[in-house]
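[1] build me a model from this:
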Amino acid sequence: MSGAAPPSADSEVGPQLNRTIGTAQLMLYGVGSMLGAGIYGLVGKAAGVMGGAVWMAFLVAMAAALLTGVSYASIASRYPKAGGAAYVAQRAYRTSWLSYVIGLAIVCSGLASIATQAKVVAENLNTLIGLDFGMTIAGPSAEVTILAIGFLLLVASIVYRGITESLWANAICTIVEALGLLLVIAVGMRFWGQADLLAVPTGPANPAGALTVGLLLQGSILTFFSFLGFEDMLNVAEEVKRPERTIPVALIGAMILASLIYMAVSITAVSVVPWPDLAAAPGPLKLVIERAAPWFPAVGFTVITIAAVANTALVNYVMGSRLLYGMARQGLLPAVLGRVHGARRTPHVAIGALLAIVVALQFAGGIEQLASATVLLLLVVFVLVNGALIVLTRREGKIEGCFNAPILVPAAGGAICLVMIVGRVLQDDWRGPAIAGVLIAAILVLYVVTRPGRRSANSRT
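    Down below sits the predicted model:
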């Protein structure tokens with residue numbers, strides 16, 4: 001129905017989430033969730049695919065991600081609910097199992113990300129403090145496992161403490177990691193112009209070294225994942241002041257700012273370090289600093305890397321807890337996960353549940369394939385969310401006072417994500433898509449066991 005008022009997020013009884021987030025805080029939250037750990041390692045991998053033209057991969061990926069980002073901005077403005085993608089899928093498709101799969105697919109990607117980042121933080125911390133117990137626990141060293149669990153407890157306590165405290169921690173880490181990237185640009189800018197920014201690798205599939213559409217697609221599929229994180233902004237919608245205006249401005253602004261930083265960093269990196277060396281380096285940006293600014297202490301960049309990785313974990317933790325809370329409030333998960341602490345005004349039960357899972361994952365060994373599978377699931381989610389916005393726009397029309405994206409935006413965003421899914425499946429190890437399929441099956445089984453109707457029937461017996 002055209003001209004309808006935006007739905008209220010505050011109509012439920014009991015304690016509600018606290019609306020304290022302004023535009024600047026939300027933009028920093030979004031920039032922090034996108035910059036995170038990805039760019040610090042992704043530049044090298046992207047350079048191995050694109051050579052000196054790596055900046056073009058980020059540009060194309062930005063255009064693709066921005067379409068879905070605009071769709072998310074429109075959704076958050078129209079329906080400012082903490083359940084995010086799960087809520088809008090339920091509203092559009094009116095199918096609880098699909099909403100359940102979407103919500104838990106995002107949670108799974110977040111859990112894999114948090115668990116991985118905890119290990120990365122622990123390994124970097126251990127290089128600074130040098131713990132040595134002389135034993136291992138399920139693959140990683142005991143020192144790394146203990147430090148990772150300690151880090152997770154710290155993150156959980158910050159998220160439990162409150163959204164304001166979480167965003168202050170996010171803002172500090174975002175500033176540190178952004179300064180790290182700006183440092184790379186500042187010390188390496190004098191090298192600009194010394195590399196061919198259109199040179200691409202040669203090989204059996206590209207003997208002439210031509211910059212083809214297929215190569216751009218391959219590079220943009222890889223760098224697209226550096227923009228993942230903008231969707232996290234949707235899950236704090238119930239804690240944003242004037243969400244119908246604040247979220248679109250902050251989300252689009254964060255994506256554009258991150259894109260400019262990515263392209264400047266990638267141009268700097270291939271200008272300072274030849275792209276074959278960059279592709280082979282375990283820490284590509286650290287190598288750039290070593291060559292462009294040998295006076296800068298190595299421990300300083302280690303601290304910056306820790307801040308970047310920790311920030312991504314913090315953002316994912318906030319996202320996961322709010323998504324569980326929102327799904328519980330929709331009746332898609334047990335109601336206990338939707339409880340809000342009376343004093344702290346945070347979803348404390350959901351925060352505790354996530355802590356138990358990510359601590360357990362520290363004993364599960366490597367989770368790289370799981371992380372790869374959940375990235376594929378996120379692309380599927382983006383297709384479904386873009387489709388949901390099309391359905392809702394056609395069904396309900398424009399909503400006055402909200403940001404209403406033209407219907408062509410979600411159509412193009414969904415189509416591009418479909419192309420990237422196909423490209424990802426064709427490029428990826430078969431185990432990634434296989435794990436994604438197993439995850440979907442497991443989520444469906446969990447839905448059958450915990451669906452609202454079954455829980456209600458059990459409560460009457």
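[2] show me what counts as buried in the helix or strand hosting Ala269.
    Here Ala269, judged by DSSP states H and E, is contained in helix 243-272. Buried residues in helix 243-272, counted by 16 or more other C-beta atoms under 10 Å: 243-244, 246-255, 257-259, 261-272. For glycine as for every other residue, the C-beta is placed from the backbone atoms N, C-alpha and C.
[3] ok, then the element right after that helix?
    Helix 243-272 is succeeded, C-terminally, by helix 275-280 (DSSP H and E).
[4] so what touches the following helix or strand past that next one?
    Counting by DSSP H and E, the next helix or strand C-terminal to helix 275-280 is helix 284-292. Applying C-beta atoms under 8 Å, 6 or more residues apart in numbering, the contact partners of helix 284-292 are 39-41, 43-44, 47, 180-181, 183-184, 187-188, 191, 265, 268-269, 272-273, 277-278, 281, 296, 298, 301, 305.
[5] remind me, longest helix of this structure?
    helix 96-129 (DSSP state H).
[6] before we move on, the earlier item: give me the angle between the helix holding Ala269 and helix 284-292.
    50 degrees (axes from the mean of the first three to the mean of the last three C-alpha atoms, to 10 degrees).
[7] give the other helices and strands that helix 243-272 contacts.
    The contact analysis (3 or more C-beta pairs under 8 Å, 6 or more residues apart in numbering; DSSP states H and E) places helix 243-272 against helix 23-35, helix 38-50, helix 54-78, helix 163-188, helix 284-292.
[8] tell me the mean pLDDT over the last one?
    Read that as helix 284-292. Averaging pLDDT along helix 284-292 yields 89.
[9] and that helix, what's buried?
    Result for helix 284-292 [16+ other C-beta under 10 Å]: buried residues Pro284, Leu285, Lys286, Leu287, Val288, Ile289, Glu290, Ala292.
[10] which residues of the stretch 251-400 of the chain score low on pLDDT?
    282, 364-374 (pLDDT under 70).
[11] what ranges does it have for its helices?
    Remark: helices assigned in the stretch 251-400 of the chain by DSSP state H, counting those that start in this stretch are 275-280, 284-292, 298-329, 348-361, 368-396.
[12] was I right about Lys241 contacting Asn18?
    No: look at Lys241 against Asn18 with C-beta atoms under 8 Å: they stay out of range, at 10.2 Å.
[13] export the helices and strands packed on helix 243-272 as TSV, with columns for distance to Leu446.
    Supplementary listing: the helices and strands packed on helix 243-272 in TSV, determined by distance: least, C-beta to C-beta, whole Å:
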stretch	distance to Leu446
helix 23-35	26
helix 38-50	29
helix 54-78	25
helix 163-188	28
helix 284-292	39
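[14] sorry, back to before: could you give the angle of the helix holding Ala269 to helix 23-35?
    Using the same axes, to 10 degrees, helix 243-272 lies at 40 degrees relative to helix 23-35.
[15] centre of the chain to helix 243-272, how far?
    Distance, stretch centre to chain centre, for helix 243-272: 14 Å (C-alpha atoms, centre = their mean, to the nearest Å).
[16] please apply the same query to stretch 394-414.
    For stretch 394-414, the distance from its own C-alpha centre to the chain's C-alpha centre is 23 Å (C-alpha atoms, centre = their mean).
[17] can you check stretch 170-188 too?
    That offset, for stretch 170-188, works out to 19 Å (C-alpha atoms, centre = their mean).
[18] tabulate the CA atom coordinates of that stretch in CSV.
    What follows is stretch 170-188 as a C-alpha-only set of coordinates in CSV (Å, rounded to 0.1, in the frame of the first residue of the first chain):
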residue,chain,number,x,y,z
ASN,A,170,34.5,-0.4,17.3
ALA,A,171,35.2,3.3,16.7
ILE,A,172,38.6,3.0,18.3
CYS,A,173,39.6,-0.1,16.4
THR,A,174,38.2,1.4,13.2
ILE,A,175,40.4,4.5,13.6
VAL,A,176,43.4,2.3,14.3
GLU,A,177,42.9,0.0,11.3
ALA,A,178,42.0,3.0,9.0
LEU,A,179,45.2,4.8,10.2
GLY,A,180,47.1,1.6,9.3
LEU,A,181,45.7,1.7,5.8
LEU,A,182,46.3,5.5,5.5
LEU,A,183,49.9,4.8,6.7
VAL,A,184,50.4,2.4,3.8
ILE,A,185,49.0,5.0,1.4
ALA,A,186,51.1,7.9,2.9
VAL,A,187,54.5,6.1,2.9
GLY,A,188,53.8,4.5,-0.5
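[19] now do the buried residues in it.
    In stretch 170-188, counting by 16+ other C-beta under 10 Å, buried: 170-171, 173-174, 176-178, 180-181, 183-185, 187-188.
[20] stretch 192-202 too?
    The neighbour-count check on stretch 192-202 (16+ other C-beta under 10 Å) flags Ala195, Leu197, Val200, Pro201 as buried.
[21] thanks again, I'm all set now.
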